[in-house]
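**Student:** below are the sequence and a predicted model; questions follow.
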Amino acid sequence: MHELGLLTDFFKLPYQPVETLAGKFGDLDLTIADFRYLPTRCKFIAMMPQWDFLNFLADRCRRYPNFRLLMQAEVQDLIEEGGRVVGVNATAPGGPVTIRSALVVGCDGRHSVVRDKAGLEVEELGAPMDVLWFSLSRRPDDTGATGGLFLPGSIFVMLNRGDYWQCVFVIPKGSIAEVHGKGLPAFRADIVGTVPLFAGRVDEIKDWDQVKLLTVAVDRLKRWYRSGLVCIGDAAHAMSPIGGVGIDLAVQDAVAAANILAEPLRRGAVGDDVLASVQQRREFPTRLTRRMQIFMQDRVIRNVLAREGPLKPPLFIRPLRRFPMLRRLPARVLGLGVQPEHIRTPERI
């Protein structure tokens with residue numbers, strides 16, 4: 001946002017700064033990441049509702065005369081001519097829409113219609129958990145810390161959203177039917193058993209409609225592109241929610257793609273070699289980040305969910321308690337990523 005010249009206006013939106021990331025393993029409290037030493041303009045992560053962020057970007061984009069935003073429009077199929085993708089067919093409130101373009105960018109998430117219609121091969125990598133999302137009210141005397149609780153058989157993450165907690169309850173893969181079968185009172189009791197702080201507010205969950213299931217899928221495209229089309233973000237590589245780094249990688253993919261594609265698009269020709277360079281630029285940091293996530297899934301998440309007895313933090317996490325400087329390393333990985341991207345293209349209106 002700073003490199004785009006938007007930081008001042010960006011911070012007029014509602015957000016909560018997160019300077020440290022806390023964790024609790026069994027009875028042991030520790031700080032996992034300290035963002036206050038990042039080599040960036042802002043020494044924290046800004047937690048912001050996604051709709052505010054997207055509305056902010058859309059508003060700024062409207063100053064470009066060739067910008068057009070279609071709301072409630074869904075891609076149904078690709079338009080192909082001579083083996084090249086030249087646009088999309090979509091549905092919108094006003095009826096069918098045909099959009100032709102020099103390049104189609106698939107950035108429609110982990111259940112991407114674009115990559116499916118393009119016939120790009122997907123490699124499934126698997127995950128041992130699914131995630132339940134819900135909100136509970138936040139009180140003035142609550143702790144302000146964003147962090148996770150790791151207890152035998154249970155993982156719970158609390159994200160400070162100002163006047164409410166965005167809560168993440170991790171469950172074993174495919175166990176949602178079992179959770180529903182036990183009933184809502186049992187689910188509320190499980191929350192209180194994990195976070196006693198919520199004893200007086202779990203009744204705010206009135207029905208299952210307030211509890212959203214995220215079916216965790218970890219996959220990747222073997223090839224991110226074909227003539228006239230390139231995929232980025234979760235459409236190219238669906239990430240685990242561990243560390244919340246999926247949005248980091250998606251934004252970095254977009255910046256790298258813009259840097260690489262801007263000039264060829266200006267000339268009106270984007271060859272397959274140019275599209276391949278987007279994948280070449282972003283594949284290494286994506287693969288390395290995923291390896292770290294899979295390591296955490298196998299060494300931490302899976303073991304915690306299956307654990308019944310006392311729980312201790314993994315050996316590689318324990319030094320963070322004794323040596324505070326080490327907390328800067330996970331902060332850099334979570335805050336900046338493996339390979340940070342920077343704006344390289346000049347603004348043209």
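**Tutor:** Okay, I see it.
**Student:** what comes up buried for the lowest-mean-pLDDT helix or strand in the chain?
**Tutor:** When each helix and strand of the chain is scored by mean pLDDT, DSSP states H and E, helix 302-306 comes last, with a mean of 85. Of the residues in helix 302-306, those scored as buried under the neighbour-count criterion (16 or more other C-beta atoms under 10 Å) are 302, 304, 305. Using the backbone N, CA and C atoms, a C-beta is placed for each residue, glycine as well.
**Student:** residue 142 falls within a helix, correct?
**Tutor:** No. Under the criterion used here (DSSP: H, G, I helix; E, B strand; the rest coil), residue 142 is coil, not part of a helix.
**Student:** which SS state does the residue nearest to it when sequence neighbours are not counted fall under?
**Tutor:** Using C-beta to C-beta, 6 or more residues apart in numbering and skipping the chain neighbours, the partner closest in space to residue 142 is residue 197 (6.9 Å). Residue 197 falls in the helix class when you classify it by three-state DSSP.
**Student:** residue 197 and residue 141 touch, don't they?
**Tutor:** No. No contact is recorded between residue 197 and residue 141 when judged using C-beta atoms under 8 Å, the distance being 10.0 Å.
**Student:** look at the two and report which has more neighbours.
**Tutor:** Here residue 197 and residue 141 are set side by side on neighbour count (other C-beta atoms under 10 Å), and the busier one is residue 197, at 16 against 5.
**Student:** the more buried one and residue 129, how far apart?
**Tutor:** To residue 129, residue 197 is 23 Å away according to C-beta to C-beta, to the nearest Å.
**Student:** average pLDDT across stretch 234-252?
**Tutor:** Within the predicted structure, the mean pLDDT of stretch 234-252 is 91.
**Student:** can you give me the pLDDT of the closest residue to residue 47 other than its chain neighbours?
**Tutor:** What sits nearest to residue 47 in space, not counting adjacent residues and going by C-beta to C-beta, 6+ apart, is residue 16, at 4.5 Å. The confidence metric pLDDT takes the value 90 at residue 16.
**Student:** give the contact list for residue 16.
**Tutor:** Residues near residue 16 by C-beta atoms under 8 Å, 6 or more residues apart in numbering: 46, 47, 48, 146, 160, 161, 162.
**Student:** so what's the first one up against?
**Tutor:** In other words, residue 46. So residue 46 contacts 10, 11, 15, 16, 17, 18 (C-beta under 8 Å, 6+ apart).
**Student:** quick check: residue 135 touching residue 163?
**Tutor:** No. Counting by C-beta under 8 Å, residue 135 stays clear of residue 163, with 9.9 Å between them.
**Student:** who's more crowded, these two?
**Tutor:** Between residue 135 and residue 163, counted using other C-beta under 10 Å, the more crowded position is residue 135 (17 against 12).
**Student:** give me the pLDDT for the more buried one.
**Tutor:** Among the per-residue scores, residue 135 holds a pLDDT of 95.
**Student:** go on, residue 349?
**Tutor:** According to the predicted model, the pLDDT of residue 349 comes to 67.
**Student:** what's the one helix or strand residue 280 maps to in contact with?
**Tutor:** Under the criterion DSSP states H and E, the helix or strand holding residue 280 is helix 272-296. The contact list for helix 272-296 (C-beta under 8 Å, 6+ apart) reads 125, 218, 220, 223-227, 229-230, 232, 236-237, 239-240, 242-243, 245, 249, 252-253, 256-257, 260-261, 264, 333, 337-339.
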